[in-house]
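Peer 1: predicted model, plus sequence, below.
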Amino acid sequence: MTLEVKNLVKVFDNKKVLNNISFKVESGQTLGVVGFSGSGKSTLLKIISGILPKDEGEIIYPKESDIAMAFQYSALFDFLNVYDNISFPLVERRDLRGKYTKEEISKIVSEKLKMVGLEGIEDKFPSELSGGMQKRVGFARAIVTNPQIILYDEPTAGLDPVTSTMIEDYIVQLKKELNASCVVVTHQLSTIKRAVDYVIMLYQGNIVFNGSVAELLQGRNEYARQFVSASIQGPMNIATK
Amino acid sequence: MFELNKTLTYQGFLLLWGQIKEFLITLGLIGSDFSRVLAYTLSFKVNFKEVIEQSKRFAFDSLPISLTIVGMTSAIIAMQLAPELARQGGVDYIGTLSALVMVRELSAVMSGFAIISMVGSSFASELASMSVTEQINAMQVLRVDPVEYLIVPRFIAGALFMPVVFVIAGTFGLVCSGVVSHITAEVSLLNYVTSLWHGLYIRDIFIALLKSSFFGGTIALISCSCGYSTRGGAKEVGLATTKAVVWSFLAIAMWDFIFASIFYL
């Protein structure tokens, strides 16, 4: 399943936060989206996932495909336990309601929890889990319908380096197991190096770099160089407004 | 040089315009949510499991405070009225007056206030927290309509179970009124019940039940709508809850006026 974004434009308060954004992500590939805070990365994910409407452009993917999203702060339903969180779309989604028996749902939930390295925590509530575990439960919930397109919003933000590595490994593993097209919004170079195939960099709503991870790290592009070297000097200024 | 934008009148006008704009936006959001809730309800696309869950909150969580408020109010009214009526030879009217006041007005309105503080505020803060922590966005991405899952069951629970709270709290209020009348004005319970019977009209009871249903649905809708549209952080969650409570109080007063004008003018 291919995800294609063509000439996407989003305007907030007469300001273009995304300006003619185009890219393509093939099955089994992961696109990394990097850029300064406020460059439009999360807005891009929200538009692809259908949370926000687009102003112009096209988002093309097969109709039968599900889009899943793993949120920055997991966005687990705090009034439901882990089991109910993961089974939520299977139980509540109109087109899936009644499609699965209780036993089948239980089996799917266990299987997805196993995929993210968590077992036996079905009865726990999100508040009883660590940040890393919450992220993984969020992943399990996102992939419960075997989506072909998976979006990750800052998957390793706020996590320690070891847990970040574990999360990055799960991103790679889930992509392989589901043969999905993935988009990862991140600030972390480690995530780009370990979990991403190629990268686009956004600055003030425009794509200023588009290339492989190796090209990003080589720093021939002045924007890529500034980002990788974490330098204040360069073509990009930190947004003050 | 005279600068218009620095004058007090101009600043006052801006403040007023801001308030009017805010009022119209909130009204629009509530209206838009109501149309979607109505579409789901009328097409019977209702999550009955959630309706039962929310009904428990409406019926049971608010009952202790509803009973306390309605009971205390009716006791206070009886305390003021009964001795005075007894002095003027109106003992036979104490029950009748209590029934009229409780059934037509106080029971529904006081229960409504109790439900706003107990259930409405909790609906608003719950949905606002869900909104600012992206749980509502997550629901959308999982292709479950948050209006269908969160607002419709609460609206139906409110419309169905507020009348139940009204009946229980109203009955309790009349009992309290009878006991206080007996203590303060030595009205026999038989006399009170006979007098009460004369003040109870089937029409009044039906109107009050309908009014309670409108109150319940409105409280749930406004509270959910204010919470659902929240953006920002902790401060906005607090503001949304306050807004839900204030708007619900205003809506109750407005419905009460409309019902009184239609049925008793």
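Peer 2: Here it is on my side, so go on.

Peer 1: okay, the residue in chain A that chain B sits nearest to and A:F88: tell me how far apart.
Peer 2: The minimum distance from chain A to chain B, using C-beta to the nearest C-beta, falls at A:A75 (3.9 Å). The way it works is simple: take the backbone N, C-alpha and C, and place the C-beta from them, glycine included. Going from A:A75 to A:F88 by C-beta to C-beta, to the nearest Å gives 11 Å.

Peer 1: these two: which is more packed in?
Peer 2: A:A75 (26 against 20; other C-beta atoms under 10 Å in any protein chain shown).

Peer 1: verify the contact between that one and B:N137 for me.
Peer 2: Yes: at 6.6 Å, A:A75 counts as touching B:N137 under the criterion of C-beta atoms under 8 Å.

Peer 1: near the residue lying closest to B:G120 once chain neighbours are set aside, how many other residues are there?
Peer 2: Distance criterion C-beta to C-beta, 6 or more residues apart in numbering or on different chains; nearest residue to B:G120, sequence neighbours excluded, is B:S223 at 4.0 Å. By other C-beta under 10 Å, 33 other residues sit near B:S223.

Peer 1: could I get the buried residue list for the helix or strand encompassing B:S223?
Peer 2: Using DSSP states H and E, B:S223 falls within helix B:202-228. Neighbour-count burial for helix B:202-228 flags B:204-205, B:207-209, B:211-228 (criterion: 16 or more other C-beta atoms under 10 Å in any protein chain shown).

Peer 1: so which bits of chain A are right by chain B?
Peer 2: A:46, A:49-51, A:66-69, A:71-73, A:75-79, A:88-89, A:92-95, A:141 (C-beta under 8 Å from any C-beta of the partner chain).

Peer 1: list of residues touching the lengthiest helix in chain A?
Peer 2: For chain A, the longest helix by residue count, based on DSSP state H, is helix A:161-178. Here helix A:161-178 makes contact (C-beta atoms under 8 Å, 6 or more residues apart in numbering or on different chains) with A:28-30, A:115-117, A:131-132, A:135-136, A:139, A:143, A:146-148, A:150, A:152, A:155-156, A:159, A:180, A:182, A:184, A:188, A:190-191, A:194-195.

Peer 1: and the residues you listed, which of them are buried?
Peer 2: Counted by 16+ other C-beta under 10 Å, the contacts of helix A:161-178 give A:29-30, A:115-116, A:132, A:135-136, A:139, A:143, A:147-148, A:150, A:152, A:155-156, A:159, A:180, A:182, A:184, A:188, A:191, A:194-195 as buried.

Peer 1: please enumerate the helices of the chain.
Peer 2: Went with chain A since none was named. A:41-49, A:82-92, A:102-115, A:131-142, A:161-178, A:189-195, A:213-218, A:222-228.

Peer 1: oops, chain B please
Peer 2: Under DSSP H, chain B gives helices at B:8-42, B:48-56, B:63-87, B:94-101, B:107-115, B:121-132, B:135-141, B:146, B:152-185, B:189-199, B:202-228, B:234-264.

Peer 1: still on that earlier bit, next, the angle from the helix holding B:S223 to helix B:121-132.
Peer 2: 30 degrees (axes from the mean of the first three to the mean of the last three C-alpha atoms, to 10 degrees).

Peer 1: now do the residue positioned nearest the centre of chain B against chain A, distance only.
Peer 2: The centroid of chain B falls nearest to B:G112 when counting by C-alpha atoms, centre = their mean (3.1 Å). Going from B:G112 to chain A by C-beta to the nearest C-beta, to the nearest Å gives 25 Å.

Peer 1: what's near enough to touch that residue?
Peer 2: Per C-beta under 8 Å, 6+ apart, neighbours of B:G112: B:162, B:212, B:215-216, B:219, B:252.

Peer 1: could you do A:Y100 as well?
Peer 2: Contacts of A:Y100 (C-beta under 8 Å, 6+ apart): A:90, A:108.

Peer 1: now it: phi and psi?
Peer 2: Main-chain torsions, A:Y100, degrees, to the nearest 10: phi -110, psi 140.

Peer 1: show me which residues of stretch B:174-183 are buried.
Peer 2: In stretch B:174-183, counting by 16+ other C-beta under 10 Å, buried: B:174, B:176-182.

Peer 1: nope, stretch A:161-180 is what I was after
Peer 2: For stretch A:161-180, by 16+ other C-beta under 10 Å, it's A:163-168, A:170-171, A:174-175, A:178, A:180.

Peer 1: count of neighbours near B:R231?
Peer 2: Number of residues near B:R231 (other C-beta under 10 Å) recorded here: 9.

Peer 1: correction: A:S49
Peer 2: With neighbours defined by other C-beta under 10 Å, the count for A:S49 comes to 21.

Peer 1: got the contact list for it?
Peer 2: Per C-beta under 8 Å, 6+ apart, neighbours of A:S49: A:67, A:69, A:151, B:140-141.

Peer 1: again, only using 7 Å
Peer 2: Contacts of A:S49 were listed using C-beta atoms under 7 Å, 6 or more residues apart in numbering or on different chains, and they are A:67, A:69, A:151, B:141.

Peer 1: circling back: of the buried residues of stretch A:161-180, just say which sits nearest to B:W247.
Peer 2: Nearest to B:W247 out of the buried residues of stretch A:161-180 is A:I167 (C-beta to C-beta; 42.3 Å).

Peer 1: quick one: contacts for the closest residue to A:T145 other than its chain neighbours?
Peer 2: Nearest residue to A:T145 in three dimensions, chain neighbours excluded: A:D66, at 4.9 Å (C-beta to C-beta, 6+ apart). Neighbouring residues of A:D66 by C-beta under 7 Å, 6+ apart: A:145, A:147-148.

Peer 1: strands - which of the residues you listed land there?
Peer 2: For these, not one is inside strands, with DSSP state E as the criterion.

Peer 1: output those as JSON lines; include the columns pLDDT.
Peer 2: Formatted as JSON lines, those follow (pLDDT from 0 to 100):
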{"residue": "A:T145", "pLDDT": "92"}
{"residue": "A:P147", "pLDDT": "91"}
{"residue": "A:Q148", "pLDDT": "91"}
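
Peer 1: per-domain residue ranges of chain A.
Peer 2: Using automatic domain parsing, the domains assigned to chain A come out as A:1-65+A:148-241, A:78-147.

Peer 1: rank those domains by pLDDT, which is bottom?
Peer 2: If the domains of chain A are sorted by mean pLDDT, domain A:1-65+A:148-241 sits at the bottom with a mean of 88.

Peer 1: and the pLDDT at the residue nearest to the centre of chain B?
Peer 2: So B:G112 comes in at 95 (pLDDT).

Peer 1: any idea how far it is from A:I86?
Peer 2: Counting by C-beta to C-beta, the gap from B:G112 to A:I86 is 39 Å.

Peer 1: setting aside sequence neighbours, what's the nearest residue to whichever residue of the stretch 151-265 of chain B sits closest to chain A?
Peer 2: With C-beta to the nearest C-beta, the shortest gap between the stretch 151-265 of chain B and chain A falls at B:P153, namely 11.5 Å. Leaving out its chain neighbours, the residue that sits closest to B:P153 by C-beta to C-beta, 6+ apart is B:E50, at 3.7 Å.

Peer 1: centroid-nearest residue for chain A?
Peer 2: A:Y152 (1.2 Å).

Peer 1: correct me if wrong: that residue contacts A:V184.
Peer 2: Yes: A:Y152 lies in contact with A:V184 (C-beta atoms under 7 Å); the separation is 4.5 Å.

Peer 1: can you give me phi and psi for A:T156?
Peer 2: phi -110, psi 10.

Peer 1: that's all I had, so thanks and see you.
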